[in-house]
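**Student:** Requesting a structural model of the entry that follows:
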Amino acid sequence: MHLVPLYTHLILLTLGNAFLVTLVAVYLNGEGAPAAQIGLVGAAFYLGMLGASFFADRLIQRLGHVRALVLCSATLAFAAMALTWTSLLPLWLVLRMLAGMAAAVSFVAVESWVLGVAPLHRRSSAMARYMLVYYFSYGISQLFIDAFPSYTQSAFWLAAGLCALALLPLRFARAPALEEEGAAEGAVSSKPPRAERALGLAGCLVAGMLLGGISALMPIQLEQLALGDEVGLYMAWLILCGMAFQLPNGSLADKVGKRTMMGVQTLMVGCGCLLLWESDGINMLIPAFVLVGAGAFTLYPTTMSYACGNMNGRALVRMTQKLMFAYSIGSLTGPAVAGMMLERYQSGLFLFVILLVAGWGIWLLLARLLLDKPVGNAV
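**Tutor:** Predicted structure coming up:
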């Protein structure tokens, strides 16, 4: 129950921030802005996230988790309101970068908080609950696009108001004592082996490329497959499947092992994309989207909990920051690479995902062979 204020804050902040991300693109398109300019403004947000991954841990260490989240909420609210004061592109770029920085610090603070107070053997389940709350809020936020006119300033004020409202639950939040929490459980805070940390960082990179490519280009891929009239339905189904599998994935990862679940997720995404690529009828599309959504949207929380190992306190915050950096790199590069492949091949997005998860699957296989086998044992 002590995490209820944190999750309430997360819901309100995600409603405002996720709504604003979509609103900015829709608003600029309605104003007749060139596609390149819309893409530039969108990229500024993710560049801000990438930049914040270099200093988020020091800021959280200096201010504490609660005050850092207060600062992030206030910054996002200000950045949303300030968009209504000017139409100059350079200022919009600065404001979106500022919002990206605040969002990144918020993610690091919330994720390290959730992981830090969870028992070590239940961290995957804790991340699953966090992701379920986040994706639910993200999905609901998109409904505001149709409910409020995007061409008026009222929509921006709504986004700013939601971000500002997210300050209220923090008044009742109990600041996490991550070091004491780990000590109370008798856990020893320690770094996982370097190979395991590298595997976790690579997993977050792959998750960023995967989700970035799917989110940005799946609607275009579906239109090329003559499914343009049902893009919204399939995208909603994709996110719904990702939400539905969060809790089962967290429980299974805690029981059977996180690397095992990474392999299962990889196989699910690969098989789902193969079905989408080869399917000629609509009957196979639904199960294919189930596999892709359930596998792709659960890879990030699983790799995060795996990479953090038994870490607590400052080390946990630093590791969360590194994982956010890897995820941000993937989110920036994934859509670019997938877009180039989609221009050259009719099913270029599916080919990109298959090649990506195949490479990731080979890395997982090598990790299992090398990390689980004692050095010097005869085959």
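**Student:** what's the burial count for residue 287?
**Tutor:** 14 (other C-beta atoms under 10 Å). Any C-beta I mention is one placed from the backbone N, CA and C, and that applies to glycine too.
**Student:** Can you classify it by secondary structure?
**Tutor:** The three-state assignment at residue 287 reads helix, by DSSP: H, G, I helix; E, B strand; the rest coil.
**Student:** Do I have it right that it meets residue 275?
**Tutor:** Yes. The criterion here is C-beta atoms under 8 Å, and residue 287 meets it with residue 275 at 6.9 Å.
**Student:** mind checking which helix or strand residue 114 is in?
**Tutor:** Assessed by DSSP states H and E, residue 114 sits inside helix 89-117.
**Student:** Give me the number of neighbouring residues for residue 220.
**Tutor:** Count around residue 220 with other C-beta under 10 Å applied: 16.
**Student:** Equivalent analysis for residue 256, please.
**Tutor:** Taking other C-beta under 10 Å as the criterion, the count of residues near residue 256 is 11.
**Student:** next one: the one 10 residues further on
**Tutor:** If you count neighbours by other C-beta under 10 Å, residue 266 ends up with 26.
**Student:** Can you pull out the low-pLDDT segments for the chain?
**Tutor:** 1, 35, 149-151, 177-192, 226-230, 232, 280-282, 371-379 (pLDDT under 70).
**Student:** how's it carved up into domains?
**Tutor:** Domain assignment for the chain, taken from automatic domain parsing, gives 4-176, 194-371.
**Student:** Now do the same contact list for residue 69.
**Tutor:** Contact analysis of residue 69 by C-beta atoms under 8 Å, 6 or more residues apart in numbering lists 9, 106, 109-110, 170, 173.
**Student:** Just to check, residue 104 is in contact with residue 53?
**Tutor:** Yes. Residue 104 is in contact with residue 53 according to C-beta under 8 Å; the separation is 5.9 Å.
**Student:** joint contacts of the two?
**Tutor:** Common contact partners of residue 104 and residue 53 (C-beta under 8 Å, 6+ apart): 324, 328.
**Student:** any chance you could read off phi and psi for residue 347?
**Tutor:** Backbone dihedrals for residue 347, given as degrees, to the nearest 10, come out at phi -110, psi 50.
**Student:** The stretch 201-350 of the chain: strands as residue ranges?
**Tutor:** Counting by DSSP state E, counting those that start in this stretch, the stretch 201-350 of the chain has no strands to list.
**Student:** how about the helices of it, start to end?
**Tutor:** 231-244, 246-256, 258-278, 285-308, 313-344, 348-371 (DSSP state H, counting those that start in this stretch).
**Student:** and if you look at the stretch 51-200 of the chain?
**Tutor:** According to DSSP H, counting those that start in this stretch, the helices that the stretch 51-200 of the chain contains are 56-63, 65-82, 89-117, 123-141, 144-147, 153-165, 167-170, 178-184, 194-224.
**Student:** closest to residue 47 out of these?
**Tutor:** Closest approach to residue 47 among the helices of the stretch 51-200 of the chain is made by helix 89-117 (5.9 Å; C-beta to C-beta).
**Student:** now for that closest one, which elements pack on it?
**Tutor:** Judged by 3 or more C-beta pairs under 8 Å, 6 or more residues apart in numbering; DSSP states H and E, the packing partners of helix 89-117 are helix 4-30, helix 35-52, helix 56-63, helix 65-82, helix 123-141, helix 178-184, helix 285-308, helix 313-344.
**Student:** What about residue 215, how many residues nearby?
**Tutor:** 16.
**Student:** In contact with it, which residues are there?
**Tutor:** Residue 215 neighbours (C-beta under 8 Å, 6+ apart): residue 335.
**Student:** Report the separation between it and residue 118.
**Tutor:** Distance, residue 215 to residue 118, using C-beta to C-beta, to the nearest Å: 27 Å.
**Student:** what do you get for residue 33?
**Tutor:** Distance from residue 33 to residue 118, by C-beta to C-beta: 44 Å.
**Student:** And residue 333, by the same measure?
**Tutor:** From residue 333 to residue 118 the distance is 31 Å (C-beta to C-beta).
**Student:** could you dump stretch 317-330 to PDB, C-alpha only?
**Tutor:** Written as PDB, here are the backbone C-alpha positions of stretch 317-330 (Å, rounded to 0.1, in the frame of the first residue of the first chain):
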ATOM      1  CA  VAL A 317      19.900   4.300  -9.200                       C
ATOM      2  CA  ARG A 318      23.100   4.500 -11.300                       C
ATOM      3  CA  MET A 319      22.300   1.200 -13.000                       C
ATOM      4  CA  THR A 320      18.800   2.300 -13.700                       C
ATOM      5  CA  GLN A 321      20.200   5.400 -15.300                       C
ATOM      6  CA  LYS A 322      22.500   3.300 -17.600                       C
ATOM      7  CA  LEU A 323      19.600   1.100 -18.600                       C
ATOM      8  CA  MET A 324      17.600   4.200 -19.500                       C
ATOM      9  CA  PHE A 325      20.500   5.500 -21.600                       C
ATOM     10  CA  ALA A 326      20.600   2.100 -23.500                       C
ATOM     11  CA  TYR A 327      16.900   2.200 -24.000                       C
ATOM     12  CA  SER A 328      17.000   5.800 -25.300                       C
ATOM     13  CA  ILE A 329      19.700   4.900 -27.800                       C
ATOM     14  CA  GLY A 330      17.600   2.000 -29.000                       C
END
